[in-house]
Every structure is written in structure tokens, then in C-alpha cells.
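In: next comes the sequence, and after it the predicted model I'd like to discuss.
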Number of protein chains: 2
Amino acid sequence: MEGHEKLEKARERIIETIAQNIHLYGLVPSAGRQYGMMFFQNEPLTLDDMTEKLGMSKTSMSTSVRALSDLKLVERAWKKGVRKDLYKVTDDWYQSFIDLFSIKWRRSVTLHLVAIKKSLAELEQLSIDPTASEELQKEVQIDIEKLKYIKNYYEWLERLVDVFEDQKIFDLVPIMNDSESDS
Amino acid sequence: MEGHEKLEKARERIIETIAQNIHLYGLVPSAGRQYGMMFFQNEPLTLDDMTEKLGMSKTSMSTSVRALSDLKLVERAWKKGVRKDLYKVTDDWYQSFIDLFSIKWRRSVTLHLVAIKKSLAELEQLSIDPTASEELQKEVQIDIEKLKYIKNYYEWLERLVDVFEDQKIFDLVPIMNDSESDS
DNA sequence: TAGTTTGTACGGTTTTTACTGTACAAACTA
DNA sequence: TAGTTTGTACAGTAAAAACCGTACAAACTA
């Protein structure tokens, strides 16, 4: 096998692995392939570049690069003399992981807490309603306890997201670089 | 509005929120609805119970309850005299979150590390190949650096998963229960 | 043993999602 | 200003996933 082929194969393996795991970011394999391809390019790419490299329509490139941008996996880049939009992969992968939490999980936490507080208020109202039957009262009380539990849980999750966002997670799990024993 | 209706509505809100956010677990809304419904049941349920409550086929219940089980969001339960399989939601939500990492993210980390090590070995081989052109050598060297970087990243992620799995995360982000000022 | 009950594999259908091509608005160029 | 270029909205199509009903194997019952 020729040298360039070997290089290509080594890259392909990584790209395909990314494609098969990108669902953890809520993205589809083709977006992962796009990301992986960009990762190995040393220059920012235009939508037309991507179309050419991946053999997909420009429209698709546009929508998926937007999805990648929303998760801050790729970002806009500039190069003098180029009028087209340029994109490159965000080079801090630790930050990308954190951004996933900041964006997707915090949103989820917020939605849940809103719903829980609303339902909790309604049930607490109901629990002091004298027209409610004894049996209903009991059910309501059980649900209130359940909602209190998951409220605590989501507040914990919120604090967890905070810990990622303000980088405190690196105190507990520090970044360690290989001791590069280069000659 | 009648009491039972109010209770139902308060539950419905929570269930729907879960359904809309369960994609973070790689599951579809209907599985989330199933989970949410089970959450408010105080008894374990059979597949037939679920079919009735959700108006979906037993086959669907079977497959989605398996998906929920795989993520340890629900677990088997036993009740004397009941021959059918019984399921209930895992009541430790913190543990469920941790299990998500243990199962989905660790798997992803492992797959990535395998691929990276393989490609890295190939590229290192290639980098000492005397038949390779100067230009290729340079490209290979760049890729090696990139792979080393993401190798470090996935090793960090692996340690992060460890920290969740062995509960050390609770040192950094402790569980706090509301001071329950019950009379 | 024969007769039930229960869960799931499998094939087919419906629904959803990914992707494409066209058409156009906005931003550049001359 | 008119003429390009570039990104994306939108509608239609292709592909994938969710869901259902049937059929059957495994486990239980009598």
C-alpha cells in the first residue's frame, strides 16, 4: 500500500469512529463524518469544499454545519481574500465537551425545573383543598414527595453543569498531557 | 376542574417534559412517556399494563422497556403471585445519570481509543518509512500530533467517567436535600 | 402430556427524518 | 446601477426509524 493511501486509511478510521459516536451529541453520522473530515484539514473550509470532499449537496452542508456550530463543534474562520464563509473545527475538545453540557443539558434542566415547580405548586394547592377526598389527598402527597425528589435531582444536575461551565471539573479530573519524550 | 383531573394534569406536564428531553439518553419521546408514566405508578407494571395505559402495542412496550432497561432507567421487579414480568423505574436518579455515562460514554471512549491507538501506530510506522516523500512525512507528523491530542482528550474523558462511576463526583457536587420543614 | 400464558423475532406499514434541487434574498463586484 | 456570487428557505423525494400484528418459542399449569 502506498504512503498516501496509508495516511488516508488511518484518517478514515478516526472519521468513521467519530461518525458512529456523534449521536451522543444528538447529531447524525453524516454530520460526524463532516466534522471528522474537517478535523484533518489544516485549513478552514468553505461549503463548496465540503460538498466536494463529501459528495453531498451544498444545502446539506449548510444545515449540518449549522448544527455543528450550534454545539460549538465548529466555528467560523477568516482568511484574507476569501469571500465565502469559512469553517474550522473548534480545537479545544475539552471545551466542546463542556459546551455540550452548557447547551443541551442546561436547557433540559431548565425545562424540567420549570415544569416541576409548576406542578408542585398545583399539587400543594390541591393538598390543602378541603373538597378533595382522603384517597386523593394521599395520592397527591405521594406525588409531592416524588416531585421534591426530582427537583433536588435537577438542582444537583444544574450545579453539575455549573461545575463544568466554570472549569472546576478540571480540579477533580485534571487534564494530563503525555510526557512527550520526543528526541 | 375536578381534583383527579388536576392531579392528572400536573403529572402530564412532568411526563411530557421527560418525553421531550429523553433524547439526551438516546431514546425517543414515546419511551420517555413510558418512563414518565411508570414514574407516577406506585406499583410495578406488566407489559400489558403499559399497553393499556399508553395505548400502544405490546411489541412496542417490550422493545422500549428493553431500551430503558439497558440504560438502567427501569428494572425488573417482583410481586408475589404475579407471573408476568414486572418493571419499575429505578428510583435513584443520580445513579441513573451515572449509568448513562458508564454505559454510553464509556463505550464511546473505548471505541475511540482503540481506533486512535491503531491509527497512531500506523502513522508512526509510516513516519519512519524512508520511501515516504518529505511532503508526506510532514502531513503524517501533523496528524500524529492531532491524534496525540485527542488521545489525551479521550483519556481525560475516561477518567471523568471513572469519577462518576466511583461516586467521587459527589465530593465536588454534593447532593443537597431541601431542608424539609414539615410540620 | 396437552393446553395456556407470556415475551419477543420478524415482516410489513406508517411516520419521521435526512437529503436533494430549485429558487431566491442578501451581499458583494464592477 | 446591473450582474455575480453565496447561503439558505422551501418543497419534494429517498432513506431510516418507529410502530404494529402475526406467529412462535419458552415457560408455566393442570
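Out: Nice, thanks for sending it over.
In: per-domain residue ranges of chain A.
Out: Here the domain parsing of chain A from automatic domain parsing is A:3-91, A:94-172.
In: now tabulate those domains in JSON lines and tack on distance to B:Leu47.
Out: The C-beta positions use only the backbone N, C-alpha and C, and glycine is treated the same way. Listed next are the domains of chain A as JSON lines, based on distance: least, C-beta to C-beta, whole Å:
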{"stretch": "domain A:3-91", "distance to B:Leu47": "27"}
{"stretch": "domain A:94-172", "distance to B:Leu47": "23"}
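In: kindly reformat those domains as a markdown table and extend each row with distance to chain B, mean neighbour count and mean pLDDT.
Out: Shown next, in a markdown table, are the domains of chain A (distance: least, C-beta to the nearest C-beta, whole Å; neighbours: other C-beta atoms under 10 Å in any protein chain shown; pLDDT from 0 to 100):
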| stretch | distance to chain B | mean neighbour count | mean pLDDT |
| --- | --- | --- | --- |
| domain A:3-91 | 4 | 17 | 97 |
| domain A:94-172 | 4 | 16 | 97 |
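In: ok, A:Tyr149 to B:Met176 distance?
Out: A:Tyr149 sits 12 Å away from B:Met176, taking C-beta to C-beta, to the nearest Å as the criterion.
In: tell me where chain A has strands.
Out: For chain A, applying DSSP state E gives strands covering A:74-77, A:86-89.
In: got the contact list for the first one?
Out: Read that as strand A:74-77. Outside strand A:74-77, the residues that touch it by C-beta atoms under 8 Å, 6 or more residues apart in numbering or on different chains are A:Tyr35, A:Met38, A:Pro44, A:Val65, A:Leu68, A:Ser69, A:Asp85, A:Leu86, A:Tyr87, A:Lys88, A:Val89, A:Thr90.
In: so which bits of chain A are right by DNA strand C?
Out: A:Val28, A:Pro29, A:Ser30, A:Ala31, A:Gly55, A:Met56, A:Ser57, A:Thr59, A:Ser60, A:Thr63, A:Ser64, A:Arg83 (C-beta under 7 Å from any atom of the strand).
In: filter these to keep only those in contact with DNA strand D.
Out: Answer for those near DNA strand D (C-beta under 7 Å from any atom of the strand): A:Thr59, A:Arg83.
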